[in-house]
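1. take this sequence and fold it.
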Amino acid sequence: MSDPETPPSEQTGRAIASSPHPAGAIALRVLAALLVIAAAFATERLWLSDEPARATFGAKVHKIDIDSDLLERTLPVRVVVPRRIPDHGRGLLVFLHGRGEDERSYLVGPMFEALADLRDRAPVVALPYGGVSSYWHDRESGPWASYVLDELIPKLVRRFDIDPRKVAVGGISMGGFGAYDIARLAPLRFCAVGGHSPAIWESPSETAEGAFDDSADFERNDIIAAAGQEPSPYRRTRLWIDAGDDDPFLAGDEAFADALRASGLDPVVRDGPGGHDPDYWNGNWREYLGFYARALNQCSLRTRANGARRPGRGTVGAGAPTVPGAGGDG
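-> Numbers count the residues shown, from 1 in each chain. Okay, here's the model as predicted:
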């Protein structure tokens, strides 16, 4: 029995034979259809290739490597260059990541959108890699702070046409602590310093495992003690510190802000609902980048931002007990 939906062979033959369209016309139609399909495919490929640009709101993300003599390794950096910014004399924000993160962690939509909103006032944003738990300070695992000051920043200044007098440093969690610790080593080098949920402890007994080598390492990098020095290493620098109401580092962050105020400085201090997590940070990128843009565009520093004095041994803090370690990990 034949399939009722399939016409008999003789009917099919007659239908083809009696077609009013010549073979050449059919061939042209087939060719036209193929061209339409090819054009649609090309358009789709073009749209897909444009997706990264649309996701970054027009900013270009450069992947570069820094050959560090200090750390004896090659380290990756992501550099975000926004649209519409000047070709020369640009501002630079060096933004340091948190523990367990890397140079790609903050390449997120809210950051790109906030950067685009600044238009020609936006800085170049450099996102370096700082190891899993370096806490961005000079220690047994390597001179991480010196790397940022003496190798990373000078190379970025030259490569991306940065005005060396218009450099800021900031970071999240471990990176927030690192930003303030690096600025401590280089007074008057930065237009602005920001710590966002910075991992700050008041004593070495509170620290997370691996944050410092030992109690002496904590003392050398005690930024609360540094904030009370005279003259302050943070003088003539715009300062920002924020944390969510449920942040485990809130007590240390408040102690640091109090020490800054006690030394006569006036940091911008923000708090609000949230914890120590990306939801909190992603909700604040517009405020973060707005702060840095204002500071860089109004900066009056006249010193170069491409060097630093070497950290001294045992010059900050004294009499701290041994570090066992507990608490938030930054």
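2. biggest strand in the protein by residues?
-> For the chain, the longest strand by residue count, based on DSSP state E, is strand 162-172.
3. just the strands in the stretch 1-150 of the chain please.
-> Ranges of strands within the stretch 1-150 of the chain are 60-68, 73-81, 90-96, 124-128, 138-139, 142-143, based on DSSP state E, counting those that start in this stretch.
4. those: which one's closest to Arg184?
-> Counting by C-beta to C-beta, Arg184 lies closest to strand 138-139 out of the strands of the stretch 1-150 of the chain; the figure is 11.5 Å. In short, each C-beta sits where N, CA and C put it, glycine included.
5. and the closest one, how far out from the chain's middle?
-> Computed by C-alpha atoms, centre = their mean, to the nearest Å, the chain-centroid distance of strand 138-139 equals 22 Å.
6. quick check: mean pLDDT across that strand?
-> Confidence for strand 138-139, expressed as mean pLDDT, is 98.
7. is Gly272 in contact with Asp245, as I believe?
-> Yes: under the criterion of C-beta atoms under 8 Å, Gly272 makes contact with Asp245 at 6.7 Å.
8. rewinding a little: want to throw the strands of the stretch 1-150 of the chain into JSON lines with distance to Pro233 and mean neighbour count?
-> Below are these laid out as JSON lines (distance: least, C-beta to C-beta, whole Å; neighbours: other C-beta atoms under 10 Å):
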{"stretch": "strand 60-68", "distance to Pro233": "24", "mean neighbour count": "14"}
{"stretch": "strand 73-81", "distance to Pro233": "25", "mean neighbour count": "17"}
{"stretch": "strand 90-96", "distance to Pro233": "17", "mean neighbour count": "26"}
{"stretch": "strand 124-128", "distance to Pro233": "22", "mean neighbour count": "26"}
{"stretch": "strand 138-139", "distance to Pro233": "15", "mean neighbour count": "20"}
{"stretch": "strand 142-143", "distance to Pro233": "18", "mean neighbour count": "18"}
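9. coming back round to it: parallel or antiparallel, list what pairs with the longest strand of the chain.
-> Using DSSP bridges, the neighbouring strands of strand 162-172 in the sheet come out as strand 90-96 (parallel), strand 192-196 (parallel).
10. contacts for the shortest one?
-> When contacts are taken as C-beta atoms under 8 Å, 6 or more residues apart in numbering, the neighbours of strand 192-196 outside the stretch itself are 168-173, 176-177, 179-180, 183, 234, 237-243, 253, 256, 281, 284, 288, 291-292, 295-296, 299.
11. among those residues, which lie within strands?
-> Those of those lying in strands (DSSP E): Ala168, Val169, Gly170, Gly171, Ile172, Arg238, Leu239, Trp240, Ile241, Asp242, Ala243.
12. would you confirm that the last one contacts Phe249?
-> Okay, so that is Ala243. Yes: using C-beta under 8 Å, Ala243 is in contact with Phe249, at 6.3 Å.
13. anything in contact with each of those two?
-> Common contacts of Ala243 and Phe249, defined by C-beta under 8 Å, 6+ apart, comprise Ser197, Pro198, His276.
14. you'd agree the second one is up against Tyr180?
-> Just to be clear, that refers to Pro198. Yes: Pro198 is within contact range of Tyr180, at 6.6 Å (criterion: C-beta under 8 Å).
15. what is in contact with these two at once?
-> Common neighbours of Pro198 and Tyr180 (C-beta under 8 Å, 6+ apart) are Phe256.
16. can you pull the contacts of the closest residue to Leu118 other than its chain neighbours?
-> Nearest residue to Leu118, sequence neighbours excluded (C-beta to C-beta, 6 or more residues apart in numbering): Ala293, at 5.0 Å. Residues near Ala293 by C-beta under 8 Å, 6+ apart: Gly91, Leu118, Arg121, Ala122, Pro123.
17. mind checking how far Ala293 is from Gly175?
-> Per C-beta to C-beta, to the nearest Å, Ala293 is found 19 Å from Gly175.
18. ok, Cys299 next?
-> Distance of Cys299 to Gly175, computed by C-beta to C-beta: 21 Å.
19. so for the two, which residue has more residues nearby?
-> Between Cys299 and Gly175, counted using other C-beta atoms under 10 Å, the more crowded position is Gly175 (33 against 21).
20. pLDDT wise, what is the closest residue to that one other than its chain neighbours at?
-> Distances taken as C-beta to C-beta, 6+ apart put Leu96 closest to Gly175, at 3.1 Å, once the chain neighbours are dropped. Per-residue confidence (pLDDT) for Leu96: 98.
21. is Leu96 bridged to anything, and to what?
-> Gly171.
22. that one against Met174, yeah?
-> Yes: in terms of C-beta under 8 Å, Leu96 counts as a neighbour of Met174; the distance is 7.4 Å.
23. many thanks, I have nothing further to ask.
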